[in-house]
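# show me how the following folds:
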Amino acid sequence: MLYIRSTHRTGTLVRIVCSKNRLAPLKKVTLPRLELIAALIGARLLHYFCKETGYDIAEATLWSDSTVALGWICNDPNRWKTFVANRVTEIQTYTTPSQWKHCPGEDNPADHLSRGVTAEQLKKLRNWWHGPLWLSQDPSHWPTHQTRKHHPLPDERTQSLLVGPTATSGRLIESSSFSSYWSLLRVTAWVLRFVRHARRQKRSSGELDASELMEARILDQGSATGLLRTRDSSASKGKPPPTRITGSTLQPLLRRWILTHRRSASVC
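Sure, this is the predicted structure:
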């Protein structure tokens, strides 16, 4: 419903301009969604009226008796599911959230449209023709209600976290941090156990067993060969062999949840 409020020396006069309603869809729709549809109809009606008459739509005040619908309108549309988000987006293209206020349900003249009245009854309904009594008073006497902006509201979009395999070229194990091949072997075995658990494969507990150590040994076989060659090369040149394992030959990678060896670039 659309009212014009004009202030004169003798007082403030409120009169109805037009009204519009719509039948509820056959498909079952929740009451808050129906209230949001009603708010959208009102925003469209106001936009049409202001466009044709030249009134400034920013000076208008819009009312709804639904706290849920007001909560939707006064928040970011992306927060809600598609049905609510689309309608809130259109409402916010015509109006701003600060223009919307809460009207007590018993004072809402639009309820006569949904409840149904006869023509004879309609002629005697003062709040239909002139709106609620407080609408003709100073705005300081209008109803005040805190809109639910941060409280839980229905139709809120759930935030889902998608986890998937990725490829990375970063170092999974820093080989230079180990003083012996045996230490590297055990750490590699622990990492392989973690990968199996992450992929929900065979689960193990307690200390590492022989099969896990053997799997780690196979993975690092090329790295061990590279280490021995480094030691042999150093000895042939009369240099002391390295006391720590270094270099890119002992840098396993995690690629698509499968450990690969940087040196051979083959899947193990």
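
# can we go C-alpha only for contacts and neighbour counts from here?
Fine.

# mind listing the helices for the stretch 101-250 of the chain?
Using DSSP state H, counting those that start in this stretch, the helices found in the stretch 101-250 of the chain span residues 111-115, 119-123, 126-130, 181-198, 210-219, 221-236.

# so which of those is nearest residue 7?
When the helices of the stretch 101-250 of the chain are ranked by distance to residue 7, counting by Cα to Cα, first place goes to helix 126-130 at 13.7 Å.

# wait, residue 15 sits on residue 3?
Yes. Using Cα atoms under 8 Å as the test, residue 15 is close enough to residue 3 to be in contact (5.4 Å).

# overlap in contacts of the two?
Common contact partners of residue 15 and residue 3 (Cα atoms under 8 Å, 6 or more residues apart in numbering): 130, 131.

# and for residue 140, the neighbour number?
Residues contacting residue 140 under the criterion other Cα atoms under 10 Å number 8.

# residue 44 now?
Other residues within reach of residue 44, judged by other Cα under 10 Å, total 16.

# biggest helix in this structure by residues?
Using DSSP state H to define each element, the chain has its longest helix at helix 31-53.

# what are the buried residues along that helix?
For helix 31-53, a neighbour-count test (16 or more other Cα atoms under 10 Å) marks 32-47, 49 as buried.

# check stretch 57-68 too.
By neighbour count on 16+ other Cα under 10 Å, the buried set for stretch 57-68 is 57, 62, 63, 64, 65, 66, 67, 68.

# once you drop chain neighbours, what's closest to the first one?
The one in question is residue 57. Closest residue to residue 57 apart from its sequence neighbours, by Cα to Cα, 6 or more residues apart in numbering: residue 50 at 5.9 Å.

# hmm, residue 58 and the one you found touching each other?
No. The pair residue 50 and residue 58 fails to qualify as a contact (Cα under 8 Å) at a distance of 9.7 Å.

# residues contacting residue 24?
For residue 24, the contacting residues are residue 34, taking Cα under 8 Å, 6+ apart as the criterion.

# that one: what secondary structure?
In terms of secondary structure, residue 24 is coil; the call rests on DSSP: H, G, I helix; E, B strand; the rest coil.

# I'd like the distance between it and residue 63.
When Cα to Cα, to the nearest Å is the yardstick, residue 24 and residue 63 sit 20 Å from each other.

# what comes up buried for stretch 133-140?
For stretch 133-140, by 16+ other Cα under 10 Å, it's 135, 136.

# likewise stretch 13-33?
Of the residues in stretch 13-33, those scored as buried under the neighbour-count criterion (16+ other Cα under 10 Å) are 14, 15, 32, 33.

# for it, list the C-alpha coordinates in CSV.
Coordinates of the C-alpha atoms in stretch 13-33 are reproduced here as CSV (Å, rounded to 0.1, in the frame of the first residue of the first chain):
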residue,chain,number,x,y,z
LEU,A,13,-2.7,14.6,6.4
VAL,A,14,-2.2,11.0,5.3
ARG,A,15,-4.1,9.6,2.3
ILE,A,16,-4.0,6.4,0.4
VAL,A,17,-2.7,6.6,-3.2
CYS,A,18,-2.9,3.0,-4.4
SER,A,19,-2.5,-0.6,-3.3
LYS,A,20,-1.5,-3.9,-4.9
ASN,A,21,-1.7,-7.5,-3.8
ARG,A,22,-1.0,-10.9,-5.2
LEU,A,23,-2.3,-14.3,-4.6
ALA,A,24,0.0,-16.7,-2.8
PRO,A,25,1.6,-19.3,-5.2
LEU,A,26,0.2,-22.8,-5.3
LYS,A,27,3.7,-24.1,-4.4
LYS,A,28,4.1,-24.1,-0.6
VAL,A,29,6.2,-21.0,0.4
THR,A,30,7.2,-20.1,4.0
LEU,A,31,5.6,-17.1,5.6
PRO,A,32,8.8,-15.1,5.8
ARG,A,33,9.3,-15.6,2.1
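
# any idea of the mean pLDDT in it?
For stretch 13-33, the mean per-residue pLDDT is 91.

# any idea how far residue 29 lies from residue 218?
Here the distance between residue 29 and residue 218 works out to 62 Å (Cα to Cα).
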